[in-house]
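I would like to see how this sequence folds:
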Amino acid sequence: MKKQTVVIDCFPESADRYRTRYAIVVIDVIRASTTATTALALGRRVLPARTSDEASVKAATLQNPLLAGELGGNKPFGFDITNSPAQIARRTDVDRPMVFVSSSGTQLLVNAAGAEAVYVACLRNATAVARHLIARHPRVAVLGAGTRGQFRREDQFGCALVARQLIDAGYSAETPATIEIVERWRSTPVDVIRGGRSAEYLRRSGQEDDLEFVLGHLDDLDTVPSLVDGELIDAARQIDSPAVHAGRQAHAGSAE
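Model (predicted):
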């Protein structure tokens, strides 16, 4: 049996270190991974992009797309909505595929493409993602997106939540920093996120509904977003779909 290990790291460029031999988990609690997971759980197609230009190119290939996201805290020109899990949860037009961009979260997600597998986790699905990993991947890198060069507390909390469950299941931490982050947040209530800079920004910019959404939805989804051929697909449902299975085979081939 292969040795099972987990490592926590941060920032979009960190994906380069783990694209070989690791399954990568992308975490951007406030707000990209929460927005993407929420949209996918509601039945919406989700296509992440690195830039607004790339998003526009993807959108041009789709019928009636929804352009969602932010760069530098601002909604790009021509986009329909900002990066908001609360807004996406309220929308009823789930037939519109969401092309999605964010300052850090989608950068990390797109950078991770080509790894053994790429998943998205947030506070809504941390346990579902951890269970999926335990059954399938011996080496896991749990990566926080980071904001403005900082490994923010909400992403540390989310990374610790996933990594802790792997360690409790028998995985070994690869670095002292991984152990330190897991233990720092192990018994900390989720409300600690309210004191962070990201929460402060949401309050200051009149987007507190997103903060309340994040804090009010904890482990309430079984959705496991997986990046396959540039689109997020629920890994829990992939086995039942021949088309998705074919996509996974193509993705696996490109990673070899």
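
so which helix or strand takes in A141?
Using DSSP states H and E, A141 falls within strand 139-144.

Would you mind pulling up the elements that that strand packs against?
Packing contacts for strand 139-144, counted by 3 or more C-beta pairs under 8 Å, 6 or more residues apart in numbering; DSSP states H and E, involve strand 5-10, strand 23-27, helix 153-168. For every residue, glycine as well, the C-beta is placed using N, CA and C.

Most tightly packed of these?
strand 23-27 (a mean of 29; mean count of other C-beta atoms under 10 Å).

For the following helix or strand past that one, report the contacting residues that lie outside it.
Downstream of strand 23-27, the next assigned helix or strand under DSSP H and E is helix 32-41. In this structure, residues lying in contact with helix 32-41 by C-beta atoms under 8 Å, 6 or more residues apart in numbering are 26-28, 46, 48, 68, 83-85, 88-89, 98, 100, 102, 104-106, 109, 120-125, 145, 158, 213-214, 217, 221, 223, 225, 232-234.

rewinding a little: D93 is nearest to which of the helices and strands packed on strand 139-144?
With C-beta to C-beta as the criterion, D93 lies closest to strand 23-27 of the helices and strands packed on strand 139-144, at 25.5 Å.

So, low pLDDT: which residues of the protein?
By pLDDT under 70, the weakly predicted segments of the chain are 1, 239-256.

Please enumerate the helices of it.
32-41, 52-59, 85-90, 105-112, 126-136, 153-168, 176-185, 197-204, 208-216, 242-255 (DSSP state H).

The ones you listed: which one's closest to P12?
helix 105-112 (3.9 Å).

that older thread, strands paired with the strand holding A141, and their directions?
Strand 139-144 has its sheet partners listed here by DSSP bridges as strand 5-10 (parallel), strand 23-27 (parallel).

coming back round to it: now render the helices and strands packed on strand 139-144 as a markdown table, adding distance to V94.
Output for these, formatted as a markdown table (distance: least, C-beta to C-beta, whole Å):
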| stretch | distance to V94 |
| --- | --- |
| strand 5-10 | 32 |
| strand 23-27 | 23 |
| helix 153-168 | 25 |
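
Next, count neighbours for the closest residue to G69 other than its chain neighbours.
Closest residue to G69 apart from its sequence neighbours, by C-beta to C-beta, 6 or more residues apart in numbering: V101 at 3.8 Å. When neighbours are defined as other C-beta atoms under 10 Å, V101 has 28 of them.
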